[in-house]
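Visitor: build me a model from this:
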Amino acid sequence: MEIQKELAERSRPRPDEKSLGFGRYFTDHMLVARYDEGKGWHEAKIVPYGPLQIDPAAAVLHYGQELFEGLKAYRGRDGKVRLFRPEANCKRMADGAARLCMPPLPPEQMLELIVELVKVDKDWVPHSHGTALYIRPTLIATEPFLGVRPSKSYLFFVILSPVGAYYAEGFDPVKIWVEPKYSRAAKGGLGAVKAGANYAASLLASELARAKGYAQVLWLDANEHRWLEEVGTMNLFLRIGDEVVTPPLGGSILPGITRDSVIRLLRHWGVPVDERPISIDEVREAHARKTLKEVFGTGTAAVISPVKELCYKDETLFIGDEMGELSRRLYETITGIQYGEIPDPFGWTRIVD
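Guide: From the prediction side, this is the model:
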């Protein structure tokens, strides 16, 4: 697709990099592209950031046919702007679109559109370490029709947001509530794709956990409420003894790109890592034996988020007040690659010229 550009006449106010937070500010421009059955993808435009015009009967508003992605652009000390594994995000979105009966944007074309938008708003990429430009591609069904079937028209759009730390605690370990009742997703459902419905399903338990003083929820499986799945919106890792364990992908867990990066790094370092089912009972037993050394979440937003304690029903499992040794090494290595501060042996970064 040819990309048309309608640039903003004046720039939006720039936020202070010391108080960015996450997802509160947006850049001058956004990208939009349209799909119509029989015509395919067309009308790719970079336009000034602003509201979308959508029909009240649009399928996304009634049946939730919607999908999104999340990746980041980082400014290194050398001044260069880098994307981290963007090809993986584009492929994951194409895979997720198929699950929701939506026409995927070809991954190479999606990446081209994202790169062009980042080029236009490149000055918005913050300079401080720990900050980045968050990139949110989204695909929604737009056909005005109230029958239950896949839409025949879609809108793809990308918005950009300069961000700091995802959690208010920054990189300090957080307290997590193990949810014994509510479920995020079930096997055979939408848990393995970045559908907005997954996040809507998580809100109630997350709010109840916050009211109790916990930063997030550790989700258990929807069937037995016994097997560990995700932590908040992140993939979960536990260091038990000399082994690192993470729940396997099985249809209800998102195949995280940071998750995959962590697994590849651990194996590269010779650290034993096993993708296998792990129950909350096994975690409790490891804690009692004092072999539960580290627990952390992984994701694009926070990279590595260490866990201070887990609360399961009336039992508190204290893990540690500081980021663990392995968690810190992973965080420093991944962010070092993202900011271009250390070699990138895997070819994970792409420089935006």
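Visitor: contacts and neighbour counts: CA atoms only from here.
Guide: Will do.
Visitor: contacts only, for Thr300.
Guide: Counting by C-alpha atoms under 8 Å, 6 or more residues apart in numbering, Thr300 touches Gly70, Leu71, Lys72, Ile257, Thr258.
Visitor: next: Val158.
Guide: Met30, Leu31, Val32, Ile114, Ile135, Arg136, Pro137, Thr138.
Visitor: partners of the helix or strand the third one falls within, with directions?
Guide: Yep, that's Val32 we're talking about. Element membership for Val32 (DSSP states H and E) is strand 29-36. Strand 29-36 pairs in its sheet with strand 40-48 (antiparallel), strand 153-163 (antiparallel), by DSSP bridges.
Visitor: which two among the contacts of Val158 are spaced furthest apart?
Guide: With distance counted by C-alpha to C-alpha, no two of the contacts of Val158 lie farther apart than Val32 and Ile135, which are 13.5 Å apart.
Visitor: which residue ranges form the strands in the stretch 201-350 of the chain?
Guide: 216-220, 228-231, 234-240, 243-246, 273-275, 292-299, 303-312, 315-318, 349-352 (DSSP state E, counting those that start in this stretch).
Visitor: nearest to Ser11, out of those strands?
Guide: Closest of the strands of the stretch 201-350 of the chain to Ser11 is strand 349-352, at 21.0 Å (criterion: C-alpha to C-alpha).
Visitor: what lies in contact with the closest one?
Guide: With contacts defined as C-alpha under 8 Å, 6+ apart, strand 349-352 is touched by Lys80, Val81, Arg82, Leu83, Phe84, Arg85, Pro86, Val115, Val118, Lys119, Ile337, Gln338.
Visitor: could I get those as TSV with pLDDT, neighbour count and secondary structure?
Guide: TSV is the format used below for the contacts of strand 349-352 (pLDDT from 0 to 100; neighbours: other C-alpha atoms under 10 Å; DSSP: H, G, I helix; E, B strand; the rest coil):
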residue	pLDDT	neighbour count	secondary structure
Lys80	97	15	coil
Val81	98	27	strand
Arg82	98	24	strand
Leu83	98	23	strand
Phe84	98	24	strand
Arg85	98	19	coil
Pro86	98	24	helix
Val115	98	19	helix
Val118	98	26	helix
Lys119	98	13	helix
Ile337	97	22	helix
Gln338	97	26	helix
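Visitor: let me know the closest of those to Val125.
Guide: Among the contacts of strand 349-352, and counting by C-alpha to C-alpha, the member closest to Val125 is Val81, at 7.7 Å.
Visitor: number of nearby residues for the nearest residue to Glu2 once chain neighbours are set aside?
Guide: With C-alpha to C-alpha, 6 or more residues apart in numbering as the criterion, Glu2 has its nearest non-adjacent residue at 6.7 Å, and that residue is Ala44. Neighbour count for Ala44, taken as other C-alpha atoms under 10 Å: 19.
Visitor: many thanks, have a good one.
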